[in-house]
Each structure stands twice: as C-alpha cells, then as structure tokens.
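Enquirer: Sequence and predicted model, in that order:
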Amino acid sequence: MANLPVRIAAAGLLLALPLAGGAALAQSAPATISVSAEGDANLVPDMATVSLAVVTDADDTSTAMADNAGAMQKVIAALKEDGIAEKDIQTANFSVSPRYQQVKASDGSMQSEIVGYEVRNALSVKVRDLAKLGAVLDRAVQLGVNSGGGISLSNSDPSAAEDEARREAVANALAKAETLAEAAGVSLGDVLSISEQSSMPSPVMFARSDMMMAKAEGAPPIAAGENTYTITVNMTLAIEQE
C-alpha cells in the first residue's frame, strides 16, 4: 500500500505532460499573414467542342426513331468525311419523349392525351482544326441538325499559359504580403502554406436560332479570340516583429 501514492503522483505527472506540451506549442506558434492574389494569361484557342443534336417528331416511336437515326447517320458520316476522328465523336444524350395535348373527355373534363413522340439524339464533337469549324456546323445543319448547345473554344495543351498565370499569382501574393508587412511594421518569414484554384474559360453559346440561321445563310463566322486562364493563389507567411 505504501507505493500507491507514488503511483498516483506518477500518473498525475504523466497526465500533466501533454497539457504542458500543448501550452508550449501554443506559445511558440508563429504569427502569420495570409494573402490571396490572382494571375492570368491569354492563349488563342486551337480546338472546339460542339454540341450537335437531331430532334425528330412523329406519331409513333418507330417512325420518330427511324427518321432520327437516318439523319444522325448522315451527320456522323459527314463529320468523318470532314476529317473528324471517330474518337472525337461521342453521343452526349439520347431520349424518347411523348408529346401531349389537352382533350375534352366525355364527362367534360380536360385530360392529357399522347399525340406523338419526340426523339432527341445529341453528339459532343471535338473539332481540332478551327479553320473547319464554320463549314462543319453548316454541313451538319444541312444534313438534319436542328438543335445546338454550346461551343466551347479551348486549348489542347493550356499548361504553358497556366504556369504563366501561376507565376504571376505568386508574385502578386508576395508583393501584397510585403505591403501588409511594411504597413504593420513587421518582417516576412518563411512561406508556411500555399494553395491554388483555377478558372477555366466559359463556353460560347450557340442557340437553336443560330443553327437555323446557319442553314439559311451558309457557314457562320467563328471568331476564336483568346482564352483567359486565371489562377488564384492563397498563401500564408510567418512574420517577425522588427
């Protein structure tokens, strides 16, 4: 029994050690400055991803699907003839939907009645030669494409532009931290953490009305412009009192 207090005291000492260690760590935690900054770089697009859809209506599903399949087969064949690789043609959506109309029932109430069916088949097509894009769209519309989604003008390899934007963002973040430190009368220490978020260019919309206009007036002009790649950097730096 004489050893019991010693054991209790020893246990108390062991329990106190983590608490004392935690307090020491809290006291030694460095003061910091956290900043965020953006950098961007421009790059001329060299490819496009286009949504092309064929929508057909008929009184029955078999006719609607047969009409749709016939038109889409012609579109796919034309795309391949224009130099679009098979790997760059992918089905993005296929649906069969009934069409309804309101009819008056014998009891005088209005009821929905199926009067036909709509079939929609949409492709996602990558055009790697932008010089061909207008002609590809025009021919697709002539062969039955009557609905379009978006045109996304992109770059096959944007890594160089992203690196340029990344370097600019880091330089801007460091400059901002220097200004804050100078204003606060402290000096900057090591970079403790750094992270980034990227922003991709937005797709250009190409609506159904534009598709129908292309059919009437020929190949639509496509202006490539430039894509802007933006990188946001979040940085935390240690600071020291001067």
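Expert: Sure, I can see it. Note that the coordinates shown come from a computational prediction; the quantities given were computed from them, not determined experimentally. Numbers count the residues shown, from 1 in each chain.
Enquirer: If you count neighbours, what's buried in the longest strand anywhere in the chain?
Expert: Across the chain, the longest stretch assigned as strand under DSSP state E is strand 110-127. Within strand 110-127, the residues that qualify as buried are 116-127, counting by 16 or more other C-beta atoms under 10 Å. (Glycine included, C-beta is placed from N, CA and C.)
Enquirer: Repeat that for stretch 77-92.
Expert: Buried residues in stretch 77-92, counted by 16+ other C-beta under 10 Å: 78-79, 84, 88-89.
Enquirer: Mind checking which of those are in helices?
Expert: When DSSP state H defines the helices, the subset of the buried residues of stretch 77-92 inside them is 78-79.
Enquirer: show me where the protein has strands.
Expert: Along the chain, counting by DSSP E, strands occupy 32-43, 47-58, 89-104, 110-127, 147-154, 186-199, 204-205, 227-241.
Enquirer: Dump the ones you listed to CSV, plus distance to Thr179.
Expert: Converted to CSV, those look like this (distance: least, C-beta to C-beta, whole Å):
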stretch, distance to Thr179
strand 32-43, 9
strand 47-58, 41
strand 89-104, 48
strand 110-127, 45
strand 147-154, 36
strand 186-199, 11
strand 204-205, 38
strand 227-241, 12
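Enquirer: can the ones you listed go into a markdown table with extra columns for distance to Leu180 and mean pLDDT?
Expert: Shown next, in a markdown table, are the strands of the chain (distance: least, C-beta to C-beta, whole Å; pLDDT from 0 to 100):
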| stretch | distance to Leu180 | mean pLDDT |
| --- | --- | --- |
| strand 32-43 | 6 | 95 |
| strand 47-58 | 42 | 94 |
| strand 89-104 | 48 | 91 |
| strand 110-127 | 45 | 93 |
| strand 147-154 | 37 | 81 |
| strand 186-199 | 9 | 93 |
| strand 204-205 | 39 | 56 |
| strand 227-241 | 9 | 93 |
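Enquirer: wait, which of those is closest to Ala71?
Expert: Evaluated over the strands of the chain, closeness to Ala71 peaks at strand 47-58, with 4.8 Å, by C-beta to C-beta.
Enquirer: any idea how far the residue nearest to Val115 when sequence neighbours are not counted lies from Thr56?
Expert: Spatial nearest neighbour of Val115, chain neighbours left out: Gln101 (4.9 Å); criterion: C-beta to C-beta, 6 or more residues apart in numbering. To Thr56, Gln101 is 18 Å away according to C-beta to C-beta, to the nearest Å.
Enquirer: just Gln111 next, same as before
Expert: As judged by C-beta to C-beta, Gln111 and Thr56 stand 26 Å apart.
Enquirer: Mind listing what's buried along stretch 34-48?
Expert: 35, 37, 39-41, 43, 45-48.
Enquirer: CA atoms only for that stretch, dumped as PDB, please.
Expert: Output of stretch 34-48 as PDB, limited to C-alpha atoms (Å, rounded to 0.1, in the frame of the first residue of the first chain):
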ATOM      1  CA  SER A  34      -2.500  35.300 -45.100                       C
ATOM      2  CA  VAL A  35      -3.000  36.700 -48.600                       C
ATOM      3  CA  SER A  36      -4.600  35.800 -51.900                       C
ATOM      4  CA  ALA A  37      -3.900  37.100 -55.300                       C
ATOM      5  CA  GLU A  38      -4.700  36.300 -59.000                       C
ATOM      6  CA  GLY A  39      -2.600  35.800 -62.100                       C
ATOM      7  CA  ASP A  40      -3.900  35.300 -65.600                       C
ATOM      8  CA  ALA A  41      -2.500  34.500 -69.100                       C
ATOM      9  CA  ASN A  42      -4.200  34.600 -72.500                       C
ATOM     10  CA  LEU A  43      -4.000  31.800 -75.200                       C
ATOM     11  CA  VAL A  44      -5.500  31.600 -78.600                       C
ATOM     12  CA  PRO A  45      -7.800  28.600 -78.800                       C
ATOM     13  CA  ASP A  46      -6.800  25.700 -81.100                       C
ATOM     14  CA  MET A  47      -9.900  23.400 -80.800                       C
ATOM     15  CA  ALA A  48     -13.600  23.500 -80.100                       C
END
